[in-house]
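In: Sequence below, structure please.
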Amino acid sequence: MAHEVNSFCKHTEDHHIHLCSLSAEGRKQMVACLSQPADYKCGNCGQKARLAENCCDPIQLPELGQLGDGADNLYVEKCR
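Out: Next up is the predicted model:
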């Protein structure tokens with residue numbers, strides 16, 4: 001089967017092992033195996049992958065410890 005190469009793919013020779021290509025082929029079980037635990041996200045399609053080599057444009061996800069407890073995102077009204 002011929003693979004349609006994404007024009008935004010930075011590693012076109014390996015596109016056949018990228019999650020977007022595997023998803024397009026309907027290989028859901030393989031995609032699930034290559035996705036968890038996710039350390040990278042594809043900058044093109046947004047799919048998350050365990051390894052950078054399974055993304056067209058890999059972006060490393062932050063570690064959970066770097067995200068904090070979320071308290072700085074809360075809006076708290078001042079008491080009157």
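In: use CA for all of it now, contacts and neighbours both
Out: OK.
In: Flag the shaky bits of this structure, pLDDT-wise.
Out: Scanning the chain for pLDDT under 70 picks out the ranges 1-7, 11, 64-80.
In: Of all the helix elements in it, which one is longest?
Out: helix 28-35 (DSSP state H).
In: so what secondary structure elements neighbour it?
Out: Counting contacts by 3 or more Cα pairs under 8 Å, 6 or more residues apart in numbering; DSSP states H and E, helix 28-35 is packed against helix 19-24, strand 48-49.
In: quick one: buried residues of it?
Out: 31, 34, 35 (16 or more other Cα atoms under 10 Å).
In: List the strands paired with the helix or strand following it, with their directions.
Out: Next along the chain after helix 28-35, taking DSSP states H and E as the criterion, comes strand 40-42. With DSSP bridges as the test, strand 40-42 is paired with strand 48-49 (antiparallel), strand 58-60 (antiparallel).
In: Pick the most buried one from the helices and strands packed on helix 28-35.
Out: Of the helices and strands packed on helix 28-35, the one with the most neighbours on average (mean count of other Cα atoms under 10 Å) is strand 48-49, at a mean of 26.
In: who touches it?
Out: 19, 34, 35, 36, 37, 38, 39, 40, 41, 42, 55 (Cα atoms under 8 Å, 6 or more residues apart in numbering).
In: Also stretch 54-64?
Out: 8-12, 15, 17-20, 34, 38-44, 47, 49, 52.
In: Thank you, goodbye.
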